[in-house]
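# Quick one, what's the 3D model for this:
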Amino acid sequence: MHPSSPPNAPPALTASEQGDLLQCLRDWAQELGFQQLGVTDVDLGEHRAYLQKWLDAGYHGSMDYMARHGEKRSRPEQLVPDTCRVISVRMDYHQTDTQPLAVLDNPQQAYISRYTLGRDYHKLIRKRLAQLARRIQAQAGGGHYRAFVDSAPVLERAIAERAGLGWIAKNTMLINDKAGSWFFLGEIYTDLPLPTTAPQTSKHCGSCTACLDICPTQAFVGPFQLDARRCISYLTIEHDGPIDEALRPLLGNRIFGCDDCQLVCPWNKFAQVSGEDDFRPRHGLEAPELVTLFLWDESTYLARTEGSALRRIGHERWLRNLAVALGNAPTSPALLSALAQRRQHPSALVREHVEWALARHGQALN
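Numbers count the residues shown, from 1 in each chain. As a prediction, this is how the structure comes out:
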């Protein structure tokens, strides 16, 4: 640190030192299991305007937290004072043996979004980011750092696009031309004036509309525009009330999230298989039977989802989602018996969806 620098100020680095540090960052990121790293400044102007338009349209549904933090989401320097750079990283989670299409085609099985079949990615990536930040601090001789993994008001896809990790596609996912979209993102906010990497300025979706066309609930109101209120990921994960009856049949057997728009994306032919053991499927959840999951009591649910992002919705919404999927499944004695066992469940939310499912099978209350 320069002798005349004020206390706690970021160190002053020459252009050569900055370039060397950026290369070190990339090397360290790879050592920690990240496939790519980029750096951007804090100017998210166009994304700020898009976010406000999206909020004004009410597309965020009941996700009040999307609007609660004012401009902190689109102004990193307001979320973490003195931030002048954001380090953006991505980590692949793609697996080759989970047969998502086969599960979607089997209405007796439950489809769980592929990102959550292994251990909760938040803890793993946050720990790696903390290690990366410590190495930067040691190398640079100072600076402040704060890591985020889908855990604060951060426009992670906008930041990643600005850092050159890919482009925000028509399905609003981030796509990389060498890795598709099956990856997680993480960020480090810092006051260290690192050199920035080239932003992604072109969107390579072309005339393709496969993702928009495949959406089971037609949640895309246009290219690059998602109405979360119709999105299956929102309905099964974020939304805590009754699922709109008109949308229930469209959910099919999807009980936690939805991957349809990624499964049909041509760019995902370039998706790389993850080498992280923690992202491997656990407890047979890549192709489980709906009835089996629906009969889990709360203690079983908690045991089988320990360390998993599936814990996020809790047992009540787990049963809600499964009841909808059972309502969409072929009638069978085992299915009817399972639903009947939950008919007197303490939760009104569960009971409502169980009755709907039973009515779909001709078992409505008289």
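# For W28, give me its contacts.
L132, R135, I136 (C-beta atoms under 8 Å, 6 or more residues apart in numbering). In short, each C-beta sits where N, CA and C put it, glycine included.
# Helix or strand: which one has it?
If you go by DSSP states H and E, W28 is part of helix 15-31.
# Just the buried positions in that helix, please.
Q18, L21, L22, L25, R26, W28, A29 (16 or more other C-beta atoms under 10 Å).
# Among these, which one sits closest to T209?
Distance to T209, by C-beta to C-beta, is smallest for A29 among the buried residues of helix 15-31, at 34.1 Å.
# right, and the closest one touches L37 too?
Yes: the criterion here is C-beta atoms under 8 Å, and A29 meets it with L37 at 4.1 Å.
# Identify the contacts common to the two.
Joint contacts of A29 and L37 (C-beta under 8 Å, 6+ apart) are V89.
# May I see the contacts of W28 organised as TSV, with distance to L194 and neighbour count added?
Listed next are those as TSV, based on distance: C-beta to C-beta, whole Å; neighbours: other C-beta atoms under 10 Å:
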residue	distance to L194	neighbour count
L132	13	23
R135	13	17
I136	9	21
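# how about the helix or strand of the chain with the lowest mean pLDDT: buried residues?
Lowest on mean pLDDT, DSSP states H and E among the helices and strands of the chain sits helix 65-68, with a mean of 73. By 16+ other C-beta under 10 Å, the buried positions in helix 65-68 come out as M66.
# CA atoms only for that helix, dumped as PDB, please.
The C-alpha trace of helix 65-68 is given here as PDB (Å, rounded to 0.1, in the frame of the first residue of the first chain):
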ATOM      1  CA  TYR A  65     -37.900  -8.400  -1.900                       C
ATOM      2  CA  MET A  66     -37.200  -7.700  -5.600                       C
ATOM      3  CA  ALA A  67     -38.400  -4.100  -5.100                       C
ATOM      4  CA  ARG A  68     -37.700  -3.700  -1.300                       C
END
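# next structured bit after that helix?
Heading C-terminal from helix 65-68 (DSSP H and E), you reach helix 76-79.
# Which SSE is immediately downstream of that next one?
Defined by DSSP H and E, the subsequent element after helix 76-79 is strand 85-92.
# List the contacts of the helix or strand following that following strand.
The first helix or strand that comes after strand 85-92 along the chain, using DSSP H and E, is helix 100-104. Contacting residues not belonging to helix 100-104 are listed as Q109, A110, Y111, R114, G252, N253, R254, D259, D260, L263, E286, A287 [C-beta under 8 Å, 6+ apart].
# taking the mean pLDDT, what do you get for helix 100-104?
Regarding helix 100-104, the rounded mean pLDDT is 97.
# buried ones in stretch 199-213?
Q200, C205, C208, C211, L212.
# from the middle of its chain, how far away would that stretch be?
19 Å (C-alpha atoms, centre = their mean, to the nearest Å).
# Let's see that stretch as PDB, backbone CA atoms only.
Backbone C-alpha positions of stretch 199-213 (Å, rounded to 0.1, in the frame of the first residue of the first chain) are rendered in PDB as follows:
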ATOM      1  CA  PRO A 199     -18.300  -7.100 -21.700                       C
ATOM      2  CA  GLN A 200     -20.500  -9.400 -23.700                       C
ATOM      3  CA  THR A 201     -22.100  -7.000 -26.200                       C
ATOM      4  CA  SER A 202     -23.800  -9.400 -28.600                       C
ATOM      5  CA  LYS A 203     -26.700 -11.800 -28.000                       C
ATOM      6  CA  HIS A 204     -26.400 -15.000 -30.000                       C
ATOM      7  CA  CYS A 205     -30.000 -16.200 -29.800                       C
ATOM      8  CA  GLY A 206     -30.700 -15.200 -33.400                       C
ATOM      9  CA  SER A 207     -34.200 -16.100 -34.600                       C
ATOM     10  CA  CYS A 208     -34.400 -19.100 -32.300                       C
ATOM     11  CA  THR A 209     -37.500 -19.100 -30.100                       C
ATOM     12  CA  ALA A 210     -37.300 -22.700 -28.800                       C
ATOM     13  CA  CYS A 211     -37.200 -21.600 -25.100                       C
ATOM     14  CA  LEU A 212     -40.200 -19.300 -25.500                       C
ATOM     15  CA  ASP A 213     -42.200 -21.900 -27.400                       C
END
